[in-house]
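Q: Generate coordinates for the sequence data below:
(4 chains)
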Number of protein chains: 2
Amino acid sequence: MTRPFNRLINFEQEKEMDKEKIDKKDHILDVAEKIFSDYGYDGASTRMISGEAGVNMAMLNYYFGSKEGLFLAVFERKISSFQTLLQNIGADITMTAWDKLSLCIDKYVERIIVNNCFQKLIHREIMKTKRWELTDKLTNILMVNVREIGKILEEGISNGTFSKDTDKELVIASIFGTKNYIINTPHISSLILGHDVTDEKYLDDELKPRIKTYMKKLLKAYLMTDNDNTK
Amino acid sequence: MTRPFNRLINFEQEKEMDKEKIDKKDHILDVAEKIFSDYGYDGASTRMISGEAGVNMAMLNYYFGSKEGLFLAVFERKISSFQTLLQNIGADITMTAWDKLSLCIDKYVERIIVNNCFQKLIHREIMKTKRWELTDKLTNILMVNVREIGKILEEGISNGTFSKDTDKELVIASIFGTKNYIINTPHISSLILGHDVTDEKYLDDELKPRIKTYMKKLLKAYLMTDNDNTK
DNA sequence: TGCCCTTTGTTAATCGATTGATTAAGTATT
DNA sequence: AATACTTAATCAATCGATTAACAAAGGGCA
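A: Next comes the predicted model:
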């Protein structure tokens, strides 16, 4: 009955805890994030998670209240650091719109591939047409980044850096869509690219810089070309 | 014990059946496709499907053997018409590579948005990292289209129509990724576009032509621009 | 036609397994 | 002693699947 939900926001108590316990909770969240992204929310069972984490099943309810609470906790841990990433770039008045966009792509490719299974986790659940309370929460998380890119595009269009007839919304779809396609459907993209995209060495050494270069070329060609001619 | 699996390939028997029975099976598949794409394979229950279809739960096992059999049957129905769509375009020797690509995009945008929930169904299940027997089947379905686009790109690159330093594989990721992003995450894309992307009238009248125009502009700018300069 | 019988279609009831969640009893720490 | 943590056992609910009983529809034969 007395469950320590408050410990998430009770700093004094948190300081008094030994590191082992903190790491244990974090370990559960790590495992949960992995399992959820591999099997989906419905496909993953609490027994699966507790078994993989090496803890008793009741611990999940003790710590997080419920399966849904655990699912939420996985997100809560990430959201904070997620929100401010691109905002600082957008607010920088010393950079041109193109430089901002270029930097956003760099940061985004870096970050998104690090948080690989977290991204899959989000998109898998947000694909559901039937809403539950979490859908809006996930939507809002992703929309922060969307709006940040949108503002940069607007800035570039209004000051003439980018083409006047840019389809801003669909450019956003291409930026996030291209990345999602590579990361979220590894079976497909591995076949396309001829390498295992889940291989970290290949990701860091080859694929990440390749995506960065490609995305910049693609966007530069589209945004900075006068293409109001035919078709 | 005697279940009519053979009836799927027994044409003489099929002809003898009255339309009501055929429509009933088809109706179950329609409902299953919808429910599976809304809730995912694990999130959808056989009771949900049978209830929505207005049939007894045992009918699903009678017709399709199991839940997985029903899931497979949903695909079997679509695969046949799926494979030959783009192949005819690629084989046409009277068209330039760009015209082929342009036509593929038109056809693809048309088709993919018609088979809306079927596409979501595929991608939701193919996102799972853990394989089951169906994963390879789904992968092969999608790779047919991927390879067809790939061949067209190769043709254009080799004959100089497209830029020599085109990143062919990532162009494919952009084509399919952009489309998937809009269709598979309707909550997000509806917010981005300011309209409900599940509204068929908006889709037909505005979004589909808009996507076609955008994709062609984007690809034309990238593929047909000498961009081997800086960065 | 009328009767028997196999096949096909359909239903309600129920199966064992697994789900998320809870309990009661315990240990450990302060 | 009080609080925080951990366990095994068990809960009701739901899962996919199966069963047995029955209805309907011919097919073969007289």
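
Q: Next, count neighbours for residue A:177.
A: Using other Cβ atoms under 10 Å in any protein chain shown, residue A:177 has 25 neighbouring residues. (C-beta placed from N, C-alpha, C; glycine too.)

Q: which secondary element of chain A has the worst mean pLDDT?
A: In chain A, no helix or strand scores lower on mean pLDDT, DSSP states H and E than helix A:11-16, which sits at a mean of 34.

Q: Where does the prediction get shaky in chain A?
A: Along chain A, the parts satisfying pLDDT under 70 run over A:1-22, A:79-83, A:131-132, A:226-231.

Q: DNA strand C contacts on that one?
A: Listed as neighbours of DNA strand C in chain A under the rule Cβ under 7 Å from any atom of the strand: A:1, A:18, A:44-48, A:57-58, A:61, A:65-68.

Q: Now which of the residues you listed would you call buried?
A: Buried members of the residues of chain A next to DNA strand C, counted by 16 or more other Cβ atoms under 10 Å in any protein chain shown: A:44, A:46, A:48, A:61, A:67.

Q: of those residues, closest to chain B?
A: Nearest to chain B among these, counting by Cβ to the nearest Cβ, is residue A:44 at 8.6 Å.

Q: tally of neighbours for residue A:169?
A: By other Cβ under 10 Å, 18 other residues sit near residue A:169.

Q: show me what contacts the nearest residue to residue A:86 once chain neighbours are set aside?
A: Nearest residue to residue A:86, sequence neighbours excluded (Cβ to Cβ, 6 or more residues apart in numbering or on different chains): residue A:148, at 4.2 Å. Applying Cβ atoms under 8 Å, 6 or more residues apart in numbering or on different chains, we find residue A:148 in contact with A:86-87, A:89-90, A:104.

Q: same thing but at 10 Å, please
A: By Cβ atoms under 10 Å, 6 or more residues apart in numbering or on different chains, residue A:148 lies in contact with A:83, A:85-91, A:100, A:104, A:108.

Q: of these, list those near DNA strand D.
A: When Cβ under 7 Å from any atom of the strand is applied, no member of the contacts of residue A:148 is adjacent to DNA strand D.

Q: any idea whether residue A:93 is helix, strand or coil?
A: Using DSSP: H, G, I helix; E, B strand; the rest coil, the structure places residue A:93 in coil.

Q: Pull the number of nearby residues for it.
A: Residue A:93: 5 neighbours (other Cβ under 10 Å).

Q: Then the one 5 residues further on?
A: Summarising burial for residue A:98: neighbours were counted as other Cβ under 10 Å, giving 18.

Q: repeat for the one 5 residues further on
A: A total of 16 residues lie near residue A:103 under the criterion other Cβ under 10 Å.

Q: you'd agree it is up against residue A:94?
A: No. Contact criterion Cβ atoms under 10 Å: residue A:103 and residue A:94 do not qualify, at 11.7 Å.
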